[in-house]
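*Asks:* My questions are about this predicted structure, shown below with the sequence.
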Amino acid sequence: MADSKLPISSAGKARVAIVAAGVISPLGAGLEETVRSLRAGRDCVTPVERFSTEHTRCKTAGEISDGQLERAGATRRTRRLHRVARMTIAALEEALAQVPGFAPELTIVGTTSGGMTFGEEYYRSLHGRRSLRHAPSLIANYTPQKPIMDAQEALGISAPCQVIANACASGTNAIGHAFDCIRSGRYQRILTGGYDAISELVFVGFDSLQAATPEKCRPFDRARTGMVLGEGAAFLALENYESAEARGAEILGEVIGYGISTDNHHLTQPNPSGSGARQAMQKALESAGLCASEIDYINAHGTATPFNDAAEGKAITELFGQVPVSSTKGMMGHSLGAAGAIEGVISLLALREQILPPNINFRQTDESLDLNIVGNESRSAKIRTVLSNSFGFGGTNASIILRHG
Amino acid sequence: MSLRISGMGWVTPLGSGVSAVWERLLAGDEAHAETVPSALQTLDYSAFRVPPDALATAPAHPRLRRSSAISRFAVVAGLGALADAQIKLDAASAERTAIIFAISNGGVVYTKRFYHEVVEAGAQAASPLLFPETVFNAPASHLAAILGITGASYTLVGDGAVGLLALKMAEDLMQSEALDRCLVVGAEEADWLLCDAFHRWRLLRAAPPIEVFSPRSRGIVLSEGAGAVVVDRTGPTAIEKIDAGSNFSRQSEAVARVKETFHRLRATHRDLVIASANGTFVDNAEAAAIREHCPRARVYAPKAALGEGVGSGGLWQVICAAQALRTKQLPPIPHLEKDNVLHLSGGVQHDLKVDRALVSTCGLSQQVAGLTLRQA
C-alpha cells in the first residue's frame, strides 16, 4: 500500500466548496429519497419498459419512471422536452433551490448520448417511411448539448456550457475540470454535473459486446457477469471556498482532488494491470495532497464486468489496501455520462450521513482482488474523505476526492 | 498568461496541409460537391468530401484499421499540427500534453450503420465491432493511442462554436504547470443522414454554392475534415482573448448574443473578422454585430469555399485567422452579392494591414463563442 506523503503540494491554491447538490436517478428524485434508498440498499433495477428486449440477452435496467419524473416537477413547457432534459431540469432545480441567486460563470457537464431516443425515432420514421412531420423538433432536440441548454433556459441561467463526452467518465471529468477551474483562481462559481437517459441504441450496443448481463449486476463478486444500464442526472454547485464562507453559505463539502488519465490499451477494455485506473487515483491523491491511508471510503466505478472490476480492484488493492469499497451500480445501474455526477452526489451524501453505501447483490468474494467490499447492507462509519472513480471507453479514467465540509 | 499557437494542421475538401489549403483558397478554389446517395432511397444530397489523397500521410496504425473517417481526419490534422510546431512526442513530453477534441455529430457513419442493422434485422444483428466507434470520444482515444498520450484527454460536444469552446478549455487547462501544451482538434465527417437532418431543419441547400451574407438565407452545404492547433506557451500567434460566449434558444436571439461577444472582445474596425457565416440566420447575426461594432473591418468567411464543417468549422476559422496574420493575405470569398454593405472581397487581398483577427462562431444548435488572435 502506498502510504508515503506524495510530492505535489496542494498548498497555495483556492479551496473549492460544494454549496448545493441535486439528483434524480432510479434511487429516487432528490437527495432525501436517494439517502433512503442508499440506507436500505434498494435494488432499483427492473425489466426494461421503454423498448423491446425480446432479442437482447440483458432484459433489465435502472429506469426512471414517467411518474417519478412528473413528481420531480414538470411544467407544461417542459413536457415537450426530451426526458433527459426533464431529468436535468429536476436535478438542477433541486440544487439551485439551495442557493438562490447562484450565478455560475460556467457550466461544465458530462454526457454520452443526450436525447438519443429522439434520433432513434427520427431514423425509424425515415426507415419505415412514416410521417416526418415532427422531424425538425426531434433533430433539434436530440443533440447531446441540448438538455443542459434547455435546463439553463428553463431556470434562467445564461452561463456558457462545456459539454464533455468522455464516455462513462464524463460526469467525473466534468466535476474534476470544474474543480480545477475554481482552484486555479480563474472562476468563482461553476455548475457541474451530468445527465444521460436510456436509449435502445446504447442498450443494444452494450448487449452486443456482452458487457451487459442477463443476470443481477454484482460488482466485484467472484461470479459477476456484467453491467446493467441506468439513467439520471445530478448537479453540484461549486464555489470558491472563501467566497462561499464570506457570504455565509452552507458548505456541504469540498472537492479536494482530481486525477485524469488515458489508458491506451484498447478502445473498450482497460489495461489488465489496472495502470490507467491507478494513475487517475494517484493523480487525485497528489492533487489533494493526501496519502492513500487518508481515504476513508471509495465509491468505485464497479460496473461488474469481469475485466473492468479486475483492473479497478487490482489498482485499489495496490494503492489503498483494505479501505472500504462499494459500487452503487448494482442498485441503480450504470448511467454512463451521468454516473460520475450521480456517484459524486452519493459520495457527498455518504459524507453527510456518515454511512458507507452498500454494494448489493454481493455473494462471493473474488479472492484475486482482496477488497474490503461493503457487501449488501449500508454501514455507519466515521468518514471524512471519499474517492469516487469513473472509467470509460476510449481509456478515459477519472477520480475525484471529496471531503466533509 | 499569454498562450500561443505553435502549430496547425488542416484536412479539408480542398486537401490537407496548412500551406497547401491556404494556397488553394488564395487561388480562389472552392470545394467540389459530391452527391451523397441515400441508403433509404429517398432524397439525395450534396456534400463536400475530403479527397482520399488528403489522407496519404495517415500512419499505418492498428487503431486506424477499423476506425471511421472522422478518426483518420483527426489523426492527420493532429500529427500535422505537431509537425508544424516541430514537436516530437516521447513518453515524458506526451505525459505533459493534453488532447482536447471538438466534435459535433461524431462517428455518424458507423452510428447509422450500427442502428440501421438493429432496425433492419433486430437487436441480435447489432455489431460489437461498430458500437465502440459510435462513442463520441473514440477519435480522441485513437489519436491519444497513436501519440502515446496518457494524461488528460477531453472530448467536447457542441455545434459550430465547439472548436472555440475547446480552445477555452485549453486555456483553462494550461493554468496547470503540469502541462506544456494542448493539442486541440476539431473534426467532422459528412453523411447522408446529417444532410437529411439539416434539410428537414430547413438549414440545408440542395446543392452549392454557399452564398454568405446574402439577403436571402439559402442554406449550408455540409462539409467534412479536421482542424488542429497546438496551444503552447511559445509560438508565432498569440491567443489574445477567448470568449466562451453563451447560448440562445431562438434564432431571433442570435443577433443579440453575437453582438455581446463582439462587445466583450472589443471589436474595432482595425480587426480582421473571420466569420462563421454559412448562408443561414448566422449571417444576419454576424452582419449585425459587424455593422454595430466594426463596420469598416475586413471580413472573411471561409465556409463559402470549404462548406459547413460543424465540429471542425471553428478551428478552420482559427487557422484562417492565423494564416491571414502570418501571410498578410486574405483569400477571396466566392459567390458574393454585389451590393453587400460589409467590407467583403471577391478578390484576393495582399499586404493586409491588420495585426489582430477576431474569430466569430455562431453555431446552428445555438451556441456562440469568439476569440481574438494577434501576431506575436
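*Replies:* Great, that's in hand.
*Asks:* Would you mind listing the residues in contact with residue B:259?
*Replies:* By C-beta atoms under 8 Å, 6 or more residues apart in numbering or on different chains, the residues touching residue B:259 are B:288, B:289, B:292, B:293. Any C-beta I mention is one placed from the backbone N, CA and C, and that applies to glycine too.
*Asks:* Could you give the number of residues near residue A:57?
*Replies:* Residue A:57: 16 surrounding residues under other C-beta atoms under 10 Å in any protein chain shown.
*Asks:* can I assume it is in contact with residue A:210?
*Replies:* Yes: look at residue A:57 against residue A:210 with C-beta atoms under 8 Å: they come within range, at 7.1 Å.
*Asks:* low pLDDT regions in chain B?
*Replies:* Low-confidence segments of chain B (pLDDT under 70): B:1, B:41.
*Asks:* Spell out, range by range, the strands that occur in it.
*Replies:* Counting by DSSP state E, one finds strands in chain B at the ranges B:3-12, B:15-16, B:33-36, B:45-48, B:97-103, B:153-157, B:181-188, B:225-232, B:237-247, B:272-274, B:298-300, B:356-362, B:367-375.
*Asks:* Switch those strands over to TSV; also include mean neighbour count.
*Replies:* Below are those laid out as TSV (neighbours: other C-beta atoms under 10 Å in any protein chain shown):
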stretch	mean neighbour count
strand B:3-12	26
strand B:15-16	21
strand B:33-36	16
strand B:45-48	24
strand B:97-103	28
strand B:153-157	29
strand B:181-188	31
strand B:225-232	31
strand B:237-247	22
strand B:272-274	28
strand B:298-300	24
strand B:356-362	29
strand B:367-375	25
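*Asks:* and residue A:79, which of the ones you listed is closest to it?
*Replies:* Nearest to residue A:79 among the strands of chain B is strand B:237-247 (21.3 Å), distances taken as C-beta to C-beta.
*Asks:* residues of stretch B:76-96 that come out buried?
*Replies:* For stretch B:76-96, burial by neighbour count (16 or more other C-beta atoms under 10 Å in any protein chain shown) applies to B:76-82, B:84-85, B:87, B:89, B:94-95.
*Asks:* Widest-spaced pair of those residues?
*Replies:* Farthest pair in the buried residues of stretch B:76-96 (C-beta to C-beta) is B:76 and B:95. Separation: 23.5 Å.
*Asks:* ok, now which ones touch residue 374?
*Replies:* I'll assume chain A. Neighbouring residues of residue A:374 by C-beta under 8 Å, 6+ apart: A:324, A:325, A:326, A:356, A:357, A:358, A:359.
*Asks:* look at chain B instead
*Replies:* Applying C-beta under 8 Å, 6+ apart, the residues contacting residue B:374 are B:237, B:238, B:240, B:325, B:355, B:356, B:357.
*Asks:* Out of those residues, which is nearest to residue B:30?
*Replies:* Nearest member of these to residue B:30, counting by C-beta to C-beta, is residue B:357, at 21.4 Å.
*Asks:* ok, the closest one to chain A distance?
*Replies:* To chain A, residue B:357 is 21 Å away according to C-beta to the nearest C-beta, to the nearest Å.
*Asks:* Next, count neighbours for the closest residue to residue B:160 other than its chain neighbours.
*Replies:* Distances taken as C-beta to C-beta, 6 or more residues apart in numbering or on different chains place residue B:363 nearest to residue B:160, at 3.8 Å, with adjacent residues excluded. Using other C-beta under 10 Å, residue B:363 is surrounded by 29 other residues.
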